[in-house]
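> Let me see the structure of the following:
(one chain, ligands or ions: 2)
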Amino acid sequence: MRFPFALTAKIAGHIIKHKLKRTPKFAMVLQLEPLHTCNLTCTGCGRIREYSTNLKDMVPIEKCLAVAEECEAPMVSICGGEPLIYPKIEELVNGILAQGRIVYVCTNGVFMRKKMKDYLAAIYSPELEPALKRLLQEKLISDKDAQTIRKADDKARAKAVIRPTRWMYWNVHIDGLEYTHDLIVEREGVFKECVEAIKMAKILGFQVATNTTVYKESDVKEIEQMFEFFSSLEVDGHTISPGYEYDAAKKDMVKRLGKQPEDFFLTRKMTREKFANIQEWGEKFTIFGTPVYQEFLAGKRELTCTAWAIPTYNIKGWKAPCYLMTDGHYDGYHEMLAKVQWDKYGVINGVARDPRCENCMVHCGYDPSGALGTNYQRGDNWKNFSYNFRPKPKPYYAGAKVRAFNGVSIGKGHLAEANAAINSPRAAMNGAQSAFQRREEPHEHNGGGCGTGDTGQREALLAKIAEAKRVE
Ligand code: SF4
Ligand code: SF4
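Ligands and ions are numbered 1, 2, ... in the order given. Okay, the predicted model is just below:
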């Protein structure tokens, strides 16, 4: 099975319960953002920019647990910001698990190994030595880390920790191979850290998924290689979604400068081109999400947005209408369901009810539509059932040969290129582009983030690097 039976049964039971009760709208996945603080500043991250005035604010843990109870979603995706910065993340994960929900911790991966070392310290006994030996051999922990784990004091042993369970996934944000990913997150070394964290997690028995956003300039071949590589690490599944790109300023540029939308936006047409192979990927890799949503992404059918099924709660309340767009915040989930005019949003038969929805095909708007039977076509239920119940694709061990470390690890980090561009008048003439293109495999990537995808910020990144250089 692609998704463990107990988890599938939980989600299916939730849908059946509400279908029998004829509940018109209900939550499937809660996107819980306990804070918007992050240790990274990814190009195009909507979260750290939209909520930039209150990065220090946090949702109290009691409230986080209460909103999960309130919306009754069987799955909670803890995101942010970087959720591992949340001071009570362990208590939060354990509290939601205790409510009987499935938990995804959506992380940029940088603090994962630290959290897993805390876990090892809390549970240390001599039986753990073979695992420690392997972690040491694979250089996933240092000798000093091993000593700290072995000598854990009462405080370390009493600490709340995140433990492996089939009800929880680390969901690691990866937007490409090393060069691309480090470029998008604007820090060299993050990809390598993510790979090491994933390897460590698998050794310790955690479930791990990767979470990828595809942008206008994402290279489809590279995305496939990325799946191959992470499949070779025995990652348990992959979430993939097109980036979302609405921006009044860009619309304005289209209007004022007479440029084509394709110059700026990942349009529906472009999304369909990028996702043309999604069904093949679904056969080869453990892609999470329904085959109905995959058909939608590949342009084989239409779906109606069901954003209410993946509601977002953050420091300002229940965010409406969706994870991406903000037209208001509400105090209660049911209040939001009642007050939002849902029929103002989405795209029906190719016609956008709100111009901002025009190019949106994101999973948090449309993946639940596939599971909930909106736009039902004969055979859909069987399709969804058989996709999940067929044997899980085997790890693609040949993916170990992918040149995943094609950036800073081989001396080709993006900062080096950007610095070269800044220092060379000739390169500078080429502007930001020279800092963002591979020489031997020309393609460019911009945008990135935990769900949004505001592109066109390459110049800003280059300027930032130049500024940092001036300060040095
Ligand atoms: S179509 Fe996309 S942007 Fe519009 S409401 Fe649905 S999820 Fe949000
Ligand atoms: S995209 Fe995610 S990891 Fe990057 S800055 Fe935003 S919240 Fe942080």
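
> Now do the contacts for the residue in the stretch 51-200 of the chain that ligand 2 sits nearest to.
Per Cβ to the nearest ligand atom, residue 108 is where the stretch 51-200 of the chain lies closest to ligand 2, at 3.7 Å. For glycine as for every other residue, the C-beta is placed from the backbone atoms N, C-alpha and C. Shown in contact with residue 108 (Cβ atoms under 8 Å, 6 or more residues apart in numbering): 38, 39, 40, 42, 82, 172, 173, 185, 190, 194.

> Not including adjacent chain positions, what is the nearest residue to the residue of the stretch 251-400 of the chain found nearest ligand 2?
Using Cβ to the nearest ligand atom, the single residue of the stretch 251-400 of the chain nearest to ligand 2 is residue 314, 11.8 Å away. Leaving out its chain neighbours, the residue that sits closest to residue 314 by Cβ to Cβ, 6 or more residues apart in numbering is residue 33, at 3.9 Å.

> Is it correct that the one you found is in contact with residue 311?
No: Residue 33 lies out of contact with residue 311 (Cβ atoms under 8 Å); the separation is 11.2 Å.

> neighbour-wise, which of these two wins?
For residue 33 versus residue 311, neighbours defined as other Cβ atoms under 10 Å are more numerous around residue 311 (29 against 26).

> Spit out the contact partners of the more buried one.
With contacts defined as Cβ under 8 Å, 6+ apart, residue 311 is in contact with 27, 30, 31, 71, 73, 318, 319, 333, 336.

> one step back: tell me which residues form a beta bridge with the residue of the stretch 251-400 of the chain closest to ligand 2?
Following DSSP bridges, residue 314 is listed with bridge partners residue 317.

> which residues of the chain score low on pLDDT?
Of all residues in the chain, those with pLDDT under 70 make up the ranges 43-44, 46, 49, 52-55, 245-265, 417-472.

> Touching, residue 298 and residue 280? I think so.
No: between residue 298 and residue 280 there is no contact under Cβ under 8 Å: 9.6 Å.

> Comparing these two, which residue is more hemmed in?
More neighbours surround residue 298 than the other of residue 298 and residue 280, with 19 against 12 (other Cβ under 10 Å).

> Would you mind listing what in the stretch 201-350 of the chain touches ligand 1?
Contact residues, the stretch 201-350 of the chain versus ligand 1 (Cβ under 6 Å from any ligand atom): 305, 307, 321, 322, 324, 325, 345, 346.

> are any of the residues you listed buried, and which?
Listed as buried from those are 305, 307, 321, 322, 324, 325, 345, 346; burial here means 16 or more other Cβ atoms under 10 Å.

> of all those residues, which two lie farthest apart?
324 and 346 (12.2 Å; Cβ to Cβ).

> okay, and the common contacts of the two?
residue 365.

> Of the contacts of residue 311, which belong to helices?
71, 333, 336 (DSSP state H).

> got a winner among these for most neighbours?
Result: residue 336 is most packed of those (other Cβ under 10 Å), 24 neighbours.

> In this structure, spot the strand with the most residues.
Counting residues, the longest strand in the chain under DSSP state E turns out to be strand 207-214.

> what about dumping the CA coordinates of it to PDB?
Extracted C-alpha coordinates of strand 207-214, given in PDB (Å, rounded to 0.1, in the frame of the first residue of the first chain):
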ATOM      1  CA  GLN A 207       8.600   7.800   8.200                       C
ATOM      2  CA  VAL A 208       9.800  10.500   5.900                       C
ATOM      3  CA  ALA A 209       8.100  12.200   2.900                       C
ATOM      4  CA  THR A 210       9.400  15.000   0.700                       C
ATOM      5  CA  ASN A 211       7.400  18.000  -0.200                       C
ATOM      6  CA  THR A 212       8.100  19.700  -3.600                       C
ATOM      7  CA  THR A 213       6.700  22.800  -5.200                       C
ATOM      8  CA  VAL A 214       7.100  23.100  -9.000                       C
END
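
> can you put the contacts of residue 311 in CSV and add distance to residue 381?
Shown next, in CSV, are those (distance: Cβ to Cβ, whole Å):
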residue, distance to residue 381
27, 21
30, 25
31, 26
71, 25
73, 21
318, 30
319, 31
333, 27
336, 29
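
> Greatest separation within the residues you listed: which pair is it?
73 and 319 (14.4 Å).

> do stretch 13-32 and ligand 1 meet at all?
No: judged by Cβ under 6 Å from any ligand atom, stretch 13-32 makes no contact with ligand 1; its nearest approach is 11.4 Å.
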